[in-house]
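J.: One predicted model, sequence on top.
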Amino acid sequence: MSLIKNTIIASCAAGLLSACSATLDRAENAVPPADSFARALHAGYADLARAELNESDFADSEAFARRALLASSGKPPAPENFGNRHLPPEKLPELAEARARLMSALDGGARRNRPEDAGRAQLAFDCWLQEQEENFQPAHIADCRARFHAAIAQIPARPLARATPTAPRPVLATVKAPRRAMPLTTKFVIYFDFDAAALTTGSVSEIIRAADAARRSGAAMIRITGHADRAGSGGHNMTLSRTRAREVVRALRRLGLPEIEVATQAYGEEKPAVPTVNGIREARNRRVEIELTH
């Protein structure tokens, strides 16, 4: 490598280090917020930023430092979503389930009722996501994952309301109308990127919903139907729709549905949700439909 190139790289690295250090310095020197949950996130994100800076991971250090600053201003950020990360597809179901569990706890009042545990759970989840994207330090991934599960286990998903003593009510001879059971969704649609069969973050969440509905409704069969848009040849699109259907089946099996029969079918570009002329890319046609039958 030439001396000029080495000098340029060193200069860029020095610039990144300086910018990251400035953001982190502001985060570390910010006045801790009064809110307990925000205070836990402020301190924790600053620690994560410092650790990443020490490893010369300037981008993640900057991102964590900015999250610490948000928390210090009394506006704690939500747990990181998957759109900002390139994660291994096989890890997405577990991560999506973990984030859903975390959001259920936070929305159930954990920010207020269990602020320290809630803060530890969110910090560990974001740490887990960051390490999983890098995917080369198994011990770090395992540590963040273990800390997440330890923290989330301390938080009731829906904190119980305190019972308030009330005077006994007179018993009335009335007939209550039977409650209507909320109908379960029986059809789900999984969308794909152009010319791709890999599951996206959004599609994994929808597959998790479908698996949950299949369990709760006692479905006897799941029909999986693959489709493609009209960009590309008919033969290629038929193969692509089959591959997409198989990916969805694999994801459902990984979520623990081996006992339910699954029937798959592929139509290629023959049955578009949105009719188009040949050669047109249409996101709504790149799909797999999941239908539960009883």
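T.: Nice, thanks for sending it over. Numbering: from 1, shown residues only.
J.: Surely Gly268 is in a strand?
T.: No. Counting by DSSP: H, G, I helix; E, B strand; the rest coil, Gly268 falls outside a strand, being coil.
J.: nearest residue to it other than its sequence neighbours?
T.: Leaving aside its chain neighbours, Gly268 sits nearest to Met238 (3.6 Å; criterion: C-beta to C-beta, 6 or more residues apart in numbering). For every residue, glycine as well, the C-beta is placed using N, CA and C.
J.: That neighbour and Ala40: what is the separation?
T.: According to C-beta to C-beta, to the nearest Å, Met238 and Ala40 sit 52 Å apart.
J.: more crowded one of these two?
T.: Neighbour tally, Met238 and Ala40, criterion other C-beta atoms under 10 Å: the higher count belongs to Ala40, 24 against 17.
J.: Against which helices or strands is the helix or strand harbouring that one packed?
T.: Element membership for Ala40, per DSSP states H and E: helix 36-54. For helix 36-54, the packing partners by 3 or more C-beta pairs under 8 Å, 6 or more residues apart in numbering; DSSP states H and E come out as helix 3-29, helix 58-72, helix 115-134.
J.: rewinding a little: touching, the residue nearest to Gly268 and Ala245? I think so.
T.: No. Counting by C-beta atoms under 8 Å, Ala245 is not a contact partner of Met238; they are 11.0 Å apart.
J.: so what sits against both of those two?
T.: Common contact partners of Met238 and Ala245 (C-beta atoms under 8 Å, 6 or more residues apart in numbering): Ala266.
J.: Adding mean neighbour count, write the helices and strands packed on helix 36-54 out as CSV.
T.: Shown next, in CSV, are the helices and strands packed on helix 36-54 (neighbours: other C-beta atoms under 10 Å):
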stretch, mean neighbour count
helix 3-29, 13
helix 58-72, 22
helix 115-134, 22
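J.: Which among these is found nearest to Ala214?
T.: helix 115-134 (26.5 Å; C-beta to C-beta).
J.: Tally up the residues packed near Ala196, please.
T.: Neighbour tally, Ala196, other C-beta under 10 Å: 13.
J.: Quick check: it vs Arg281, distance?
T.: 12 Å.
J.: Show me the residue at the heart of this structure, geometrically.
T.: What sits nearest the mean C-alpha location of the chain, by C-alpha atoms, centre = their mean, is Ala96, with 3.8 Å.
J.: From the chain's centroid, how far away is the helix holding Ala40?
T.: 21 Å (C-alpha atoms, centre = their mean, to the nearest Å).
J.: same deal with stretch 247-266?
T.: The answer for stretch 247-266 is 21 Å, by C-alpha atoms, centre = their mean.
J.: One more: stretch 51-67?
T.: With C-alpha atoms, centre = their mean, you get 21 Å for stretch 51-67.
J.: Quick one: end-to-end length of it, please.
T.: One end of stretch 51-67 to the other measures 14 Å (C-alpha to C-alpha, to the nearest Å).
J.: Report the mean confidence score over that stretch.
T.: Mean pLDDT, stretch 51-67: 89.
J.: Could you do stretch 73-93 as well?
T.: Averaged over stretch 73-93, pLDDT sits at 81.
J.: Domains in the chain, by residue range?
T.: Per the record, the chain has its domains at 12-77, 88-158, 187-293, by automatic domain parsing.
J.: how distant is the first one from the center of its chain?
T.: Relative to the mean C-alpha coordinate of its chain, domain 12-77 is positioned 22 Å out (C-alpha atoms, centre = their mean).
J.: about what we covered before: assign the nearest residue to the residue nearest to the centre of the chain once chain neighbours are set aside to helix, strand or coil.
T.: Setting aside the residues directly before and after it, Ala96 is nearest to Val204 in space (C-beta to C-beta, 6+ apart), at 4.8 Å. For Val204, the assignment made with three-state DSSP gives helix.
J.: check contacts around Val204.
T.: Listed by C-beta under 8 Å, 6+ apart, the contact set of Val204 reads 92-93, 96, 251.
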